[in-house]
Every structure is written in structure tokens, then in C-alpha cells.
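Chemist: predicted model, plus sequence, below.
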Amino acid sequence: MPRRYRRKSHPRKKLASEAVIDMYDVLNENRNQDISDSAAKLILRIGKKHGTRVRNYNGITICRSCNIAMIPGRNSTVRIRSKVVKYTCGICGRVKTMGPSFAV
């Protein structure tokens, strides 16, 4: 009996990371909240399905509890204190803390 063909994960992860970058471009371009929220949900879904890490590009982070794009000044607040950056979601109130040990 011949061996079963196994899919290689390298092209799949590369395509997934490119799709995530494209979705972040959609987040940057759109001013419509509904489109940016659906793009944020897609980014999290792609990252979960393909095992790629979701990073924040251009200061846009994604709230993991309510799945929205946290854009500073629109629906989130950013506080910087002694090299620690705190993003607070304006919808659910979740706080995301990034310290000096995190590489962006």
C-alpha cells in the first residue's frame, strides 16, 4: 500500500501570513467600523487555523475578547508609563499590556 501524501505546511503558513498582512492593509485603509471589525475577525480566524502568530502592525491591535480592531483615538485608549504601553478597549474594557521585553 503506498504512503499517503502529506501536505507541506511551509507554503500554507506563508500564504496565511501574506493574507494577514493584506487584511491589516484593509484595516488601515477603511474608515468604516463594520469592515474593520470583520477584517479583525478574519485575521484572528486565519491565525488560529494556520498556526501563525498575529502581530500588531502600524499600532493597530485586535481585542481578543470582543474581536474588534482597537484603533487608538477611535475605539481604544493608549497609555504609556515607564516603558509600558497599555491598550484599553473602548467596547469591553479589556487591557492589553506591552512591556519593554516584548519585541514589536
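Modeler: Looks like it arrived, so ask away. Predicted, not measured: the structure shown is a model, and the values here were computed from it.
Chemist: can you give the contact residues for the longest helix along the chain?
Modeler: Ranked by residue count under DSSP state H, the longest helix found in the chain is helix 9-29. Helix 9-29 is contacted by residues 35-36, 39-40, 42-43, 46-47, 49-52, 54, 57-58, 60, 69, 71 when judged by CB atoms under 8 Å, 6 or more residues apart in numbering. C-betas here are computed from N, CA, C, even on glycine.
Chemist: in it, what's buried?
Modeler: Using 16 or more other CB atoms under 10 Å as the test for burial, helix 9-29 gives 16, 17, 19, 20, 23, 24, 26, 27.
Chemist: pLDDT score for the first one?
Modeler: It stands for residue 16. For residue 16, the model assigns a pLDDT of 91.
Chemist: now do the helices in this structure.
Modeler: Along the chain, counting by DSSP H, helices occupy 9-29, 33-50.
Chemist: what's next to the shortest one, contact-wise?
Modeler: Contacts made with helix 33-50 from outside it, assessed by CB under 8 Å, 6+ apart, are listed as 12-13, 16, 19-20, 23-24, 26-27, 30, 52-54, 62-64, 67-69, 71, 74-75.
Chemist: if we go to 6 Å?
Modeler: Under the criterion CB atoms under 6 Å, 6 or more residues apart in numbering, residues 13, 16, 19-20, 23, 26-27, 30, 54, 62, 67-69 lie in contact with helix 33-50.
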